[in-house]
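# Pasting a predicted model and its sequence here:
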Amino acid sequence: MNKKLLALLALLMAFMLFLAACNNEESATPDDGENGSETEPGTGGEEGEEGEEPASEELFPTVLENEGDAIEGGTLQAALVNDSPFQGIFSYVLYEDAYDAEIMAFASNIIFDTDGDFLLTNDGIASLEVDGEAKTATITINGDYKWSDGEPLKAEDIIQPYLIIGHPDYSGVRYDADFQNIVGAVEYHDGKADTISGIEKVDDKTVKITFNKVSPAIYSGGDGLWTSAEPSHILKDIPVAELLESDAVRVNPVTLGAFKFDKIVPGESVSLVRNENYWKGQAKLDGVVIETVPSASAAKAMETGEYDIALSFPTSAYENVKDLENVTLLGRQELYYSYLGFKLGKYNYDTSLVETDVEGSKMGDAELRKAMGYALDIEQVSEVFYFGLRERANSLIPPVFASFHDPSLEGYSYDPDMANQILDDAGYEDTDGDGLREDPNGEKLQIMLAAMAGDETQEQVINYYLQNWKEVGLDVQLATGRLIEFNTFYDKVQADDPEIDIFMGAWGTGTNPSPSGLYSKTAVYNFSRYSSDELEGLLQAIDSEEALDAEFRAKKFREWQEYMAEVSAVIPMQFRYELMPVNDRVKNWDYGYDTEFDYIDVELTADAPVK
Amino acid sequence: MAEKQTVDVEKKTPAASPPTGIQVIAREFAKDKLAMTSLLFLIVLITVIYVWSFLIDQEQLMRISLRDQMAAPGEKYWLGADKGGRDILGQLIIGARNSITIAISVTLITGIIGIAIGLITGYFGGWIDNIFMRIIDFFITIPSLMIIIVFISIVPKYTVVTFVLIMSVFLWVGTARLVRSKALSESRRDYINASKTMGTSDGVIIFKEMMPNLSSILIVEMTLNFAGNVGLETGLSYLGFGLPPSTPSLGTLVAYANDPFILENAWWNWLPASLLILLLMLAINYVGQAIRRSADARQRLG
Amino acid sequence: MWKTVVRRFLVMIPQLFVLSLLIFIMAKFMPGDPFTGLITPETDPARIEELRQKAGFYDPWYIQYINWMGNAFQGDFGRSYTFNQPVANLIGTRALNTFWLSLLSVVLLYLLAIPLGVLAGRYQDTLLDKSIVFYSFIVYAIPTFVLGLISLFFFGYELGWFPTSGTVDINAEAGTFGYVWSKFYHLLLPAMVFAVLGTTGVIQYLRTEIIDSKTMDYVRTARAKGIPNNKVYSRHIFRNSLLPIAAFLGFTITNLLGGSIFIETIFGYQGMGQLFVQAINGRDYSVITTLVMLFGFLTLLGSLLSDIIMSIVDPRIRID
């Protein structure tokens, strides 16, 4: 028995030693050179940081340069960083979980290639021809391609996704206003028609789709156009209601991609092997194994050479991987922005319209809103809490959309002097001497902020923002007294809870940059409830038929961004980066958006990941 | 060898004029240096924490100071700073005060209810036992996490007091079950039957005669409960339903370790709180053991 | 006794019924619903409304409850919205995972804790006893997350002795010995962490009970009769000291069956604890209700089991 005890004590000692060993690394305190001046209120603002266009290429490489000699074949070990099991719905029409999409990317069924703005090109499996006058789109398969099971790809496979999404038994979110833009989609969905009348098979390789309206969004995969194919020779015999449970979706999906599914352990791991029928050629790797790895150990897993790449790697673990010698960090900007919204009206759910009431709102004064934007020290937060992996956003379009983003827009920067000045000028003075400003009528001004709960960092960041506002004399308090859990947050914000004056939210924008879903007067997600004729005009222009002309559209995008900046009903806060750590034995990996990269080119230079 | 000692000790214990409870306890502590030290340690620690926490300006303490992010222990901050550049030592003091307050309140509330119900059901047995036990079973089946989520969304501004009350609702059942199991067994013993036939009232039997005989298990239970309750909100904080953000606690400090980076590189963020909890637990344990011995004449040292 | 068992089972029916009602109402009281999580700029609010209608979220709660109950009686526990699967399938695989993990944890826990508790009690106040008590408090003070993560980093990643994530190796063929071994191998490290963390209570209760028993009359009598010391311990003291552990045995098992969000999250192990928290966060009503009912039933069963075990350990206790 004593031996057992000794063993236990030894074990505890081992822990302590291990901890001590870990502690020998350098401490994480950011150096003072970067921090010194800017924490002092009043000195940070002069530098015109917003003038420079931040480019992701400067911060991280997107391409992994590796000169080593490649080995024959080999299996790529990929970590899918996720704290819960993936759903395992391997179908582009049915999946809901972003992690499923990460896995499917290796065995993609997408038929169109895209350019740097995520606009469809004709270089992929299929090409697209849009006729604005006739309101039709013609999809043509560019060659004799095959599914991973050897069946040829045909027009029916292009049509299959529409038949699934439109089906009365389909229970996902993709049967939406966009989809109903296809002529005959509603009738099919209501069971009044056996097929969608607007979708027509021209020949074995060509499909023609008729829409109610055609806008430039169609090139972003909007307007109801679907960008992937489904294997009709398998799916057509499975009732739509049973698809989600079927083996064709969960166990052995058939694909068009560089790899095909081999084995799946539900929720945990997937093994893929080379797809001999891939249209671009044979992958150099024998296969890929993807395993779910909890976020807490993701960095450790890369450090010990357990995996070659990490998908959806948490940026909060950046500090743990940035100095690793066996790992190269690739990075790119995410399609994401966070924002500060001001409640300027209500949504009328009966008429489905935003009812803006600027005068009647507590936050109705644009000067007050602007001052609040200048008071926030977002630069420091990005630097210190997010290791520079986030940056002050200047507009409501992420810079990834190079043709639409307006880099010349100045946006806000941390400038408490300016904030004080604006507030003084607008008549917000501290009349009762408690250090907090009263509103121009001399009434106490208390602003209620709704912010979403997150990790420890989130809590401290929000505290810091409250502190920033207090420094310029604004009394901002947390609505409900604490950070609000995700579901409750959206419940309250969407319901225009009177307790909320301002709120901090974020949008992952997807590849379609059209802002009308978030800012038009009919949009439920227009959470600030601001709308005006001018805004509406701009939004319509962006998605108008005229905007099929790229230059016109880009111009309207810029005008819209400038208008939003001027109105300041929503103040953009941060853009952020996403990271992909890659082990040094991997060759030819490219993480960029605008790239010719294909999974078939990936090679390995050693038999096992470098430790 | 150990047994021999106890046997010897017993022989020395004279059954002459029985000393009063407090005298017995005092004598027991005087004989046991470890218990004495622990008791002094506890008194000093708790006093220091409560007095010191009054001297700390909590708003100033919880101010984010980005320049001091994760500052290592040094002259400015004896125990370093957290991610927001906030002094760990100050948070440790305030956190210890909050956590000890929570732990004492919850332990007392659940202890009193749990022990009383456990003793009563165990003593009477039969249908009283049956009814109470089915109620207890029911309480155990309700998931406390859900109740808390619902409660927070209905009464958003919850404080330490409401937190204590909610947690107490769920935590008395364990104690009750344990005490009941011992009481069931104890109440079938001869001395209880003898008392009953002598016409002693049930209340006197339960609390004056039976309870002291269960004191060992009660003290262990209370010690473990107290220790467990010190970190009570840790799990909830992890899920995002802990105390309001401006209320530091030992649990939140320990939870800093959930971030692998802090776990490995900034031990001063979470280790002091863990050690404090450990010290508290050990001290309470030693004190508890001394009290336990004094409750059982055969085990006394003095 | 059999009569009691049958009666206890009958009492479970109203208990579970009230529980289901309570849980259902509470679930509906939580803000948001399964579709709140689907909000992105690309989702159509109208479609989400349509799905809410279809799912019956706008019906009065009692209609929803009756529908759910009606289906549940036919073995259909509804669909999980967050996992897009029938609840029965979803829970099935995880319940099995958690079951094996619990079983191994309980076995390891008692293998570790009972000897330690007995030794500490028997050799009271020696260095051995003090070390064991100290150990038991250390593991009580270590947060689950810390011990779990450190074990994983050290034994899993640095030393490579154990698999680091999941429940089974992807290359193991189902049905082979290798598959069973792979499952067991994946269980080992989380189960050990579980067991080590759970030892405190058992050690403490056992130790106290043994110390108390030592001075009891029946032990003295036994000793006086000249029964060897070892036998006194194994026959008389040990058995009588098991009562508090017996009182909790049923619950220990059901608690473990509830899974642990921490262990499951750290080891990427799909089990019930994580599922429950996810279901609550995702407002996955059918999963929540089914899980609570399942846990409820197991808890009631555990309580009955504890009572039966208690009456075996100490025949003076009769359950009736």
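Perfect, I can see it now.

# what packs against the longest helix that chain C contains?
When chain C is parsed with DSSP state H, its longest helix is helix C:177-214. Here helix C:177-214 is seen to pack against helix B:215-230, helix C:87-122, helix C:127-141, helix C:144-151, helix C:238-241, helix C:243-257, helix C:261-266 when contacts are counted using 3 or more Cβ pairs under 8 Å, 6 or more residues apart in numbering or on different chains; DSSP states H and E. Backbone N, C-alpha and C define where each C-beta goes, glycine included.

# Format those as TSV; extra columns: distance to B:Ile46, mean pLDDT and mean neighbour count.
Below are the helices and strands packed on helix C:177-214 laid out as TSV (distance: least, Cβ to Cβ, whole Å; pLDDT from 0 to 100; neighbours: other Cβ atoms under 10 Å in any protein chain shown):
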stretch	distance to B:Ile46	mean pLDDT	mean neighbour count
helix B:215-230	12	80	23
helix C:87-122	28	88	20
helix C:127-141	18	87	19
helix C:144-151	25	84	23
helix C:238-241	33	77	19
helix C:243-257	29	74	22
helix C:261-266	30	82	25
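
# about what we covered before: and the angle from the next helix-or-strand element following the longest helix of chain C to helix C:177-214?
Per DSSP states H and E, helix C:177-214 leads on to helix C:217-224 as the next helix or strand towards the C-terminus. For helix C:217-224 against helix C:177-214, the angle by axes from the mean of the first three to the mean of the last three Cα atoms, to 10 degrees is 90 degrees.

# and helix C:217-224, anywhere near chain B?
No - using Cβ under 8 Å from any Cβ of the partner chain, helix C:217-224 never reaches chain B; the gap is at least 9.1 Å.

# which parts of that helix are buried?
C:219, C:222-223 (16 or more other Cβ atoms under 10 Å in any protein chain shown).

# In CSV: the helices and strands packed on helix C:177-214, plus distance to A:Val270.
Shown next, in CSV, are the helices and strands packed on helix C:177-214 (distance: least, Cβ to Cβ, whole Å):
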stretch, distance to A:Val270
helix B:215-230, 41
helix C:87-122, 16
helix C:127-141, 37
helix C:144-151, 25
helix C:238-241, 51
helix C:243-257, 29
helix C:261-266, 20
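
# all strands for the stretch 151-300 of chain A, in order.
Per DSSP state E, counting those that start in this stretch, the stretch 151-300 of chain A carries strands over the ranges A:199-203, A:206-210, A:259-265, A:269-274, A:287-293.

# re earlier: could the helices and strands packed on helix C:177-214 be laid out in CSV, adding distance to chain A?
Supplementary listing: these in CSV, determined by distance: least, Cβ to the nearest Cβ, whole Å:
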stretch, distance to chain A
helix B:215-230, 18
helix C:87-122, 6
helix C:127-141, 6
helix C:144-151, 5
helix C:238-241, 15
helix C:243-257, 19
helix C:261-266, 5
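
# what bits of the stretch 151-300 of chain C have low per-residue confidence?
Residues of the stretch 151-300 of chain C that meet the criterion pLDDT under 70 lie in C:259.

# Give me the contacts around stretch B:89-103.
B:46, B:49-50, B:52-53, B:56, B:58, B:61, B:77-79, B:82, B:160, B:163-164, B:167, B:226-227, B:229-233, B:243, B:247-253, B:272-273, B:276, B:280 (Cβ atoms under 8 Å, 6 or more residues apart in numbering or on different chains).

# Now, the residues you listed that are in helices?
B:46, B:49-50, B:52-53, B:58, B:61, B:160, B:163-164, B:167, B:226-227, B:229-230, B:250-253, B:272-273, B:276, B:280.

# what sits against C:Thr164?
Applying Cβ under 8 Å, 6+ apart, the residues near C:Thr164 are A:293, A:297, A:301, A:306, C:152, C:156-157, C:267-268.

# Tell me which two in these are the farthest apart.
Farthest pair in the contacts of C:Thr164 (Cβ to Cβ) is A:Glu306 and C:Phe267. Separation: 14.1 Å.

# Comparing those two, which shows the higher neighbour count?
Ranked by neighbour count (other Cβ atoms under 10 Å in any protein chain shown), A:Glu306 and C:Phe267 place C:Phe267 first, with 31 against 24.

# Now do that one against chain B, distance only.
14 Å (Cβ to the nearest Cβ, to the nearest Å).

# Kindly report the same for A:Asn320.
Counting by Cβ to the nearest Cβ - A:Asn320 and chain B are separated by 5 Å.

# Output the below-cut-off pLDDT ranges for chain A.
In chain A, residues with pLDDT under 70: A:1-58.

# Please parse it into its domains.
A:126-242, A:336-577 (automatic domain parsing).

# Turn those into a markdown table, including distance to chain B and mean neighbour count.
Formatted as a markdown table, these follow (distance: least, Cβ to the nearest Cβ, whole Å; neighbours: other Cβ atoms under 10 Å in any protein chain shown):
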| stretch | distance to chain B | mean neighbour count |
| --- | --- | --- |
| domain A:126-242 | 25 | 19 |
| domain A:336-577 | 4 | 19 |
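
# got TSV for these, with distance to C:Val202 too?
Formatted as TSV, the domains of chain A follow (distance: least, Cβ to Cβ, whole Å):
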stretch	distance to C:Val202
domain A:126-242	48
domain A:336-577	33
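
# In which helix or strand does the nearest residue to B:Ile56 once chain neighbours are set aside reside?
Excluding the flanking residues, the one nearest B:Ile56 by Cβ to Cβ, 6 or more residues apart in numbering or on different chains is B:Gly90, at 5.3 Å. Per DSSP H and E: B:Gly90 is located in helix B:88-124.

# Any part of the helix or strand that that helix is followed by near chain C?
Where DSSP H and E defines the elements, the next helix or strand beyond helix B:88-124 is helix B:126-141. Yes - Helix B:126-141 reaches chain C (Cβ under 8 Å from any Cβ) through B:126, B:133-134, B:136-138, B:140-141.

# would you list the domains of chain A in TSV and tack on distance to chain C?
Converted to TSV, these look like this (distance: least, Cβ to the nearest Cβ, whole Å):
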stretch	distance to chain C
domain A:126-242	3
domain A:336-577	3
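
# For A:Lys263, which of these is the nearest?
domain A:126-242 (14.4 Å).

# Start and end of the closest one, how far apart?
Its first and final residues considered, domain A:126-242 spans 29 Å by Cα to Cα, to the nearest Å.

# right, and A:Ala585 touches A:Leu604 too?
Careful, residue A:585 is Arg; it's not Ala. Yes - counting by Cβ atoms under 8 Å, A:Leu604 is a contact partner of A:Arg585 at 5.2 Å.

# Quick check: phi and psi at A:Ala419.
With angles defined as degrees, to the nearest 10, A:Ala419 sits at phi -60, psi -50.

# what residues are up against it?
Applying Cβ under 8 Å, 6+ apart, the residues contacting A:Ala419 are A:371-372, A:374-375, A:472.

# same thing with A:Glu96?
Going by Cβ under 8 Å, 6+ apart, the list of residues near A:Glu96 reads A:87, A:89, A:172-173, C:38, C:84.

# what does A:Glu67 give?
Neighbours of A:Glu67 in contact, by Cβ under 8 Å, 6+ apart: none.

# Now do the phi/psi pair for it.
According to degrees, to the nearest 10, A:Glu67 has phi -90, psi -10.

# any idea how far it lies from A:Asp598?
20 Å (Cβ to Cβ, to the nearest Å).

# Which of the residues in stretch B:269-282 are classified as buried?
Within stretch B:269-282, the residues scored as buried using 16+ other Cβ under 10 Å are B:269-274, B:276-282.

# quick check: mean pLDDT across it?
For stretch B:269-282, mean pLDDT is 85.

# tell me what the strand or helix carrying A:Gln77 is packed against?
Using DSSP H and E, A:Gln77 sits in strand A:75-81. With contacts defined as 3+ Cβ pairs under 8 Å, 6+ apart, the packing partners of strand A:75-81 are helix A:98-104, strand A:287-293, helix A:295-303, strand A:309-311.

# Any chance you could list what contacts it?
By Cβ under 8 Å, 6+ apart, strand A:75-81 touches A:86, A:99, A:102-103, A:285-295, A:298, A:301-302, A:306-314, A:586, A:602, A:604, A:609.
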